[in-house]
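[1] sequence-free structure coming up:
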């Protein structure tokens, strides 16, 4: 566990800004290339076909190949490295971009979009994994938010560039050469400047003894109703994205009679608001939890996409699309974080690849289904379907999904509080050793120091309770963390109480063997308090490690319980030689030590309950 903590100190976006910035720049450039392509593609395809389902098939091809390559990219990233997956993705994208720029038929457009989708899937999956490597567990949603911000900032700029270039050149083909240029630059940066990030999750990040097979771990995801709901929600959000990408430009052009420049502004506004809000929503999610941003975002996005059907003027459409974009920004970086919250580090690439594959499959199913609905019925029914699906997903997340990262606004204070309790236990342990050596004055001094540490812990406890009371936690989560804080604080109270009882005793009244037993008992308190601290830390690093530590706490408590009964028997044998006050005081000492150990075990049980409730 110490290695885990040391490892996390070496990771973080701020600690490795050059590596993160290089990845984010390439993601932005790829996004700008795709932004031009996605703004032009449906109108460009209309030159060759007229049916909505045929136009939808072009986008479905992109989505199908993007989804298909997400999972392989995750596996490749785990096996041979993130950088190689990035390079492979950029090469595939370049091939598609060249074919699209020089295409002269519907089938060439279709083939080009297949390659662009495959390249996008490989590149972005590897980029997400790389940034997650750097950000670690404490900045998981934030790193996803930065990555998605870069993608969609690029998409929004690309949408604006597409509109400008189309007007300047009076052509839908010429803007596609911008896509070719950007893909070449991405390839150059990927091969020369991007660093391998797999080193950030090397073997010591997790305990090899407790590793389980990929098949077993991934099968757990399929059996978890909360994760299945998240995967379904991710898939539905891409159906909604497909509506905006493919059919909104056609709706704005043919129904409301907007020109290409206005459509470009609307598309750009949607994605830039989406992009700008994602790092903030990711940061908020890391602080307050996953469910609130997810549910709020799904409701916002669905509602304002639906209200577009009643908007006729450009300003109203722009306001509604901005609000819909904010909704997307709220949930988009948070949904993959839920999957990553419950996966072991060695499976992170594969797990994120699985999520992205299921999510991006919506690019395939969405345009096909929506295209059929438009051909058979009308475009308004397509908007209504997307609205209904997004509202259903919001309700499903509310009812089914566990909060995998409950808001813990006082987490750092909780760690500091536990550290002070551990330090108080160490002072009492040293005091007992001084007692064994018959140095009563040193023992009294050390117990006094332990009392000061306990008072400092009480002050931090009050700060924790204040922060929990004014936070956005749900009541059950607030009660969980308050109870855990109280249990940890009680450990300090019991152990300091035991130390103060010890200073009332005369070491010469006890055989050295019993005094040494006292020392061993106090050492057990220090060790179990430290294990509680490690278990709390592990809730934010590796949940399975936290559960393993809790098992270690239980084993230690059992050993100490046996010692307690043995020592009590020895004390009883001395009852004829000890005065009544001495006998009562020494009984208090060993009882308080026992209470401290039992309370530490209760704290460990509470850690397990939090882990099972939120993470498993």
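    Sure, I can see it. It should be emphasised that the depicted structure is a prediction, and the values quoted were computed from it without experimental measurement.
[2] ok, now how distant is the one residue sitting closest to the centre of the chain from residue 25?
    Taking C-alpha atoms, centre = their mean, the centroid of the chain lies closest to residue 337, which sits 3.4 Å from it. Look at residue 337 and residue 25: by C-beta to C-beta, to the nearest Å, they are 23 Å apart. Yep, even glycine has a C-beta here, placed from its N, CA and C like the rest.
[3] quick revisit: spit out the contact partners of the residue nearest to the centre of the chain.
    Applying C-beta atoms under 8 Å, 6 or more residues apart in numbering to residue 337 gives the contacts 140, 141, 144, 282, 285, 290, 404, 405.
[4] just for the stretch 151-300 of the chain, where's the confidence low?
    200-223 (pLDDT under 70).
[5] same for the helix or strand containing residue 160, what does it pack against?
    Residue 160 belongs to helix 140-169 when assigned by DSSP states H and E. If you count contacts as 3 or more C-beta pairs under 8 Å, 6 or more residues apart in numbering; DSSP states H and E, helix 140-169 packs onto helix 17-45, helix 106-135, helix 176-192, helix 260-288, helix 334-341.
[6] quick one: the helices in the stretch 201-350 of the chain?
    214-223, 225-242, 248-254, 260-288, 291-307, 314-331, 334-341, 348-360 (DSSP state H, counting those that start in this stretch).
[7] these: which one's closest to residue 187?
    helix 348-360 (21.1 Å; C-beta to C-beta).
[8] on contacts alone, who are the packing partners of that closest one?
    Packed next to helix 348-360, using 3+ C-beta pairs under 8 Å, 6+ apart, are helix 52-80, helix 106-135, helix 214-223, helix 225-242, helix 334-341.
[9] go again with 10 Å.
    Counting contacts by 3 or more C-beta pairs under 10 Å, 6 or more residues apart in numbering; DSSP states H and E, helix 348-360 packs against helix 52-80, helix 82-101, helix 106-135, helix 214-223, helix 225-242, helix 334-341.
[10] mind listing what's buried in the fifth one?
    Neighbour counts using 16 or more other C-beta atoms under 10 Å place 226-242 of helix 225-242 among the buried residues.
[11] now do it: distance to the chain's middle.
    17 Å (C-alpha atoms, centre = their mean, to the nearest Å).
[12] now swap in the shortest one and tell me
    Relative to the centre of its chain, helix 334-341 is centred 5 Å away, using C-alpha atoms, centre = their mean.
[13] stretch 236-252: end-to-end distance?
    Start-to-end span of stretch 236-252 (C-alpha to C-alpha, to the nearest Å) is 22 Å.
[14] domain ranges for the chain?
    16-200+218-400, 411-614 (automatic domain parsing).
[15] sketch out the low-pLDDT regions of the stretch 451-600 of the chain for me.
    Across the stretch 451-600 of the chain, the ranges flagged by pLDDT under 70 are 470-476, 541-542.
[16] can you pull out the strands in it?
    Taking DSSP state E, counting those that start in this stretch, the stretch 451-600 of the chain contains no strands at all.
[17] coming back round to it: in JSON lines: the helices and strands packed on helix 348-360, plus distance to residue 468.
    Below are the helices and strands packed on helix 348-360 laid out as JSON lines (distance: least, C-beta to C-beta, whole Å):
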{"stretch": "helix 52-80", "distance to residue 468": "37"}
{"stretch": "helix 82-101", "distance to residue 468": "38"}
{"stretch": "helix 106-135", "distance to residue 468": "25"}
{"stretch": "helix 214-223", "distance to residue 468": "31"}
{"stretch": "helix 225-242", "distance to residue 468": "24"}
{"stretch": "helix 334-341", "distance to residue 468": "21"}
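[18] among these, which is nearest residue 192?
    Here helix 82-101 is closest among these (C-beta to C-beta), at 10.4 Å.
[19] what is the closest one packed up against?
    Judged by 3+ C-beta pairs under 10 Å, 6+ apart, the packing partners of helix 82-101 are helix 17-45, helix 52-80, helix 106-135, helix 176-192, helix 348-360.
[20] which parts of the longest one are buried?
    Residues of helix 106-135 classed as buried by neighbour count (16+ other C-beta under 10 Å): 106, 109-135.
[21] then the second one?
    Neighbour counts using 16+ other C-beta under 10 Å place 52-78 of helix 52-80 among the buried residues.
[22] between helix 106-135 and that helix, find me the angle.
    Between helix 52-80 and helix 106-135, the angle comes out at 40 degrees (axes from the mean of the first three to the mean of the last three C-alpha atoms, to 10 degrees).
[23] same question, the shortest one
    Using the same axes, to 10 degrees, one finds that helix 348-360 and helix 106-135 are set 140 degrees apart in direction.
[24] that older thread, ranking the domains of the chain by burial, who's on top?
    Most buried of the domains of the chain, by mean neighbour count (mean count of other C-beta atoms under 10 Å): domain 16-200+218-400, with a mean of 22.
[25] my read: residue 185 touches residue 30, true?
    Yes - Residue 185 lies in contact with residue 30 (C-beta atoms under 10 Å); the separation is 9.3 Å.
[26] what residues are shared contacts of the two?
    residue 90 (C-beta atoms under 10 Å, 6 or more residues apart in numbering).
[27] how much space separates residue 604 from residue 86?
    As judged by C-beta to C-beta, residue 604 and residue 86 stand 42 Å apart.
[28] my bad, residue 414
    Residue 414 sits 38 Å away from residue 86, going by C-beta to C-beta.
[29] again, but for residue 175
    Going from residue 175 to residue 86 by C-beta to C-beta gives 25 Å.
[30] and residue 456, by the same measure?
    Residue 456 sits 49 Å away from residue 86, going by C-beta to C-beta.
[31] what does residue 469 give?
    46 Å.
[32] tell me who's in contact with the closest residue to residue 147 other than its chain neighbours.
    In space, and not counting its chain neighbours, residue 147 is closest to residue 131: 4.9 Å by C-beta to C-beta, 6 or more residues apart in numbering. Under the criterion of C-beta under 10 Å, 6+ apart, the neighbours of residue 131 are 13, 19-20, 23-24, 27, 82, 139-140, 142-148, 150, 197.
[33] model confidence for the closest residue to residue 127 other than its chain neighbours, exactly?
    Counting by C-beta to C-beta, 6+ apart, residue 27 is the residue found nearest to residue 127 once chain neighbours are left out, at 5.1 Å. Note for residue 27: predicted pLDDT of 90.
[34] residue contacts, residue 27?
    Residue 27 neighbours (C-beta under 10 Å, 6+ apart): 86, 123-124, 127-128, 130-131, 146-154, 186.
[35] likewise residue 94?
    So residue 94 contacts 33, 115, 116, 119, 179, 180, 182, 183, 184, 186, 187 (C-beta under 10 Å, 6+ apart).
[36] please determine how far it is located from residue 354.
    On the measure of C-beta to C-beta, residue 94 and residue 354 end up 26 Å apart.
[37] same deal with residue 501?
    If you go by C-beta to C-beta, the gap between residue 501 and residue 354 works out to 57 Å.
[38] for the residue nearest to the centre of the chain, which non-adjacent residue is spatially closest?
    In space, and not counting its chain neighbours, residue 337 is closest to residue 141: 4.1 Å by C-beta to C-beta, 6+ apart.
[39] surely that neighbour touches residue 339?
    No - using C-beta under 10 Å, residue 141 is not in contact with residue 339, being 11.4 Å away.
[40] and the pLDDT at residue 56?
    pLDDT, residue 56: 67.
[41] and for residue 402?
    75.
[42] so it touches residue 227, yeah?
    Yes - counting by C-beta under 10 Å, residue 402 touches residue 227, with 9.2 Å between them.
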